[in-house]
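K.L.:
Provided below are the primary sequence and the corresponding predicted coordinates.
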Amino acid sequence: MKRCGKKSGFTLVELSFAVLFVAVLALTVIVITMNLIENYKRGIMLKQVNTIGNSLIDDFRASISASSSKKITGLCEANFTQPNPLAACENDNAYSAIYLVRNGQVIIGQGTSNEKTLESVPLYGAFCSGAYSYIWNSGYLFSDEYVASLGKASLKYLNENSQATTLNDFRLIKIRDPKRFVCLSQISNLGSGTAVIQQTYTKNTGLIYSLNSNFNITGFGEDVSEAPVDLLENDEYSDLALYDLSIIEPAADVTDRNIFYSGSFILATIRGGINITTSGDYCATPDEYDVENFDYCAINKFNFAIQASGE
């Protein structure tokens with residue numbers, strides 16, 4: 001009688017463990033790969049923020065360096081003939097003719113009303129360097145994640161054909177404005193007896209609470225020989241915007257009378273849950289915002305100090 005040999009193979013339990021091990025290994029590889037991709041994207045976005053931020057500082061430096069180094073209060077004497085506006089301008093060292101900002105309420109967060117917060121943040125403003133002027137709209141105004149209490153700022157100017165043109169929906173525009181008409185446009189009836197500074201200026205905070213959103217230089221009869229340029233319009237960084245731009249009151253050197261400008265700005269992505277009112281964790285956690293877009297969150301604050309050396 002022929003005896004059958006012993007058969008070898010996997011049992012059902014062993015096969016199950018093998019399948020489970022392969023599945024766990026595959027899942028681990030997928031998770032690690034996704035994390036590597038997200039970290040790569042975040043690194044790319046942060047590098048982009050730093051690159052664009054440094055290029056903006058270079059642009060500010062070129063404009064400020066070309067601006068006049070004369071005493072800034074001379075702006076008041078050049079633009080006001082009546083005592084009241086002249087005194088108001090001189091009292092703040094012509095600061096409101098150089099830097100304007102408007103704060104507004106922004107709803108930050110998603111989900112139920114208990115998960116949302118109401119914050120006061122800068123929403124738009126202007127910086128008039130004396131060579132070029134800059135007008136910016138906050139990234140909060142370009143994202144569906146936030147609900148803002150104010151609309152965007154706009155600019156009305158005369159083009160090369162002396163036609164009134166209005167520019168809207170921009171993030172950061174630069175326009176040649178050696179006489180600082182962009183900022184002065186917020187002051188009504190220049191040089192007349194009824195001139196009234198429209199802003200309520202608080203020197204301690206540098207905030208102007210009643211700043212109008214319509215920057216208008218057509219009333220000064222100036223043609224713009226150079227078309228305004230949106231410095232954040234390029235497709236390569238279309239997800240970037242300013243969330244704040246602060247200019248400290250310019251200081252004058254008592255010996256050589258040179259004028260020094262210093263300031264800071266926050267540049268960040270539009271997608272990803274930015275909250276500049278927090279104390280360190282400016283990007284919201286993925287649980288609070290769309291996880292798919294969270295890897296686009298990148299933010300940095302830039303500081304600069306530049307000397308005016310023009311005539």
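P.N.:
That came through, no problem. Numbers count the residues shown, from 1 in each chain.
K.L.:
pLDDT below threshold where in the stretch 51-200 of the chain?
P.N.:
Across the stretch 51-200 of the chain, residues meeting the criterion (pLDDT under 70) sit at 82-85, 88, 109-116, 187-200.
K.L.:
one more time with 80, if that's ok
P.N.:
Applying pLDDT under 80 to the stretch 51-200 of the chain flags residues 69-93, 96, 108-118, 144-145, 159-163, 184-200.
K.L.:
The helix ranked longest in the chain - contacts with which helices or strands?
P.N.:
Ordering each helix of the chain by length in residues (DSSP state H) puts helix 12-65 first. Under the contact definition 3 or more C-beta pairs under 8 Å, 6 or more residues apart in numbering; DSSP states H and E, helix 12-65 sits against strand 132-137, strand 172-176, strand 240-252, strand 259-269, strand 299-308. C-beta coordinates here come from the backbone N, C-alpha and C atoms, glycine included.
K.L.:
so can I have TSV of these showing distance to Lys71 and mean neighbour count?
P.N.:
Compiled in TSV, the helices and strands packed on helix 12-65 are given as follows (distance: least, C-beta to C-beta, whole Å; neighbours: other C-beta atoms under 10 Å):
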stretch	distance to Lys71	mean neighbour count
strand 132-137	20	26
strand 172-176	23	21
strand 240-252	6	20
strand 259-269	8	21
strand 299-308	11	17
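K.L.:
With distance to Leu155 added, can I get these in CSV?
P.N.:
Output for the helices and strands packed on helix 12-65, formatted as CSV (distance: least, C-beta to C-beta, whole Å):
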stretch, distance to Leu155
strand 132-137, 6
strand 172-176, 7
strand 240-252, 15
strand 259-269, 19
strand 299-308, 23
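K.L.:
out of these, which comes closest to Ile44?
P.N.:
strand 259-269 (11.1 Å; C-beta to C-beta).
K.L.:
Dump that closest one to CSV, restricted to CA.
P.N.:
The C-alpha trace of strand 259-269 is given here as CSV (Å, rounded to 0.1, in the frame of the first residue of the first chain):
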residue,chain,number,x,y,z
ILE,A,259,14.8,110.9,6.7
PHE,A,260,14.5,107.3,7.7
TYR,A,261,11.5,105.1,7.1
SER,A,262,10.8,101.8,8.9
GLY,A,263,7.9,99.4,8.8
SER,A,264,6.8,95.8,8.5
PHE,A,265,4.3,93.8,6.6
ILE,A,266,2.8,90.3,6.8
LEU,A,267,2.7,88.3,3.6
ALA,A,268,0.8,85.0,3.5
THR,A,269,-1.3,82.6,1.5
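K.L.:
list the helices and strands it packs on?
P.N.:
Going by 3+ C-beta pairs under 8 Å, 6+ apart, strand 259-269 lies up against helix 12-65, strand 240-252, strand 299-308.
K.L.:
From the centroid of this structure, which residue is nearest?
P.N.:
Leu242 (1.0 Å; C-alpha atoms, centre = their mean).
K.L.:
which residues touch that one?
P.N.:
Going by C-beta atoms under 8 Å, 6 or more residues apart in numbering, Leu242 touches 136-139, 171-172, 232, 265-267.
K.L.:
Which one of those is nearest to Phe302?
P.N.:
The closest of the contacts of Leu242 to Phe302 turns out to be Phe265 (C-beta to C-beta; 5.6 Å).
K.L.:
can you tell me which residues contact the nearest residue to that closest one once chain neighbours are set aside?
P.N.:
Leaving aside its chain neighbours, Phe265 sits nearest to Leu245 (4.4 Å; criterion: C-beta to C-beta, 6 or more residues apart in numbering). Taking C-beta under 8 Å, 6+ apart, we find Leu245 in contact with 101, 122, 125, 127, 134, 136, 263-265.
K.L.:
got TSV for those residues, with distance to Phe304 too?
P.N.:
Converted to TSV, the contacts of Leu245 look like this (distance: C-beta to C-beta, whole Å):
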residue	distance to Phe304
Val101	17
Pro122	17
Gly125	16
Phe127	11
Tyr134	13
Trp136	15
Gly263	6
Ser264	7
Phe265	8
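K.L.:
From the structure, what's the count of residues near the closest residue to Ser143 other than its chain neighbours?
P.N.:
Once flanking residues are discounted, Ser143 sits nearest to Ile270: 4.8 Å by C-beta to C-beta, 6+ apart. If you count neighbours by other C-beta atoms under 10 Å, Ile270 ends up with 23.
K.L.:
Thanks again, I'm all set now.
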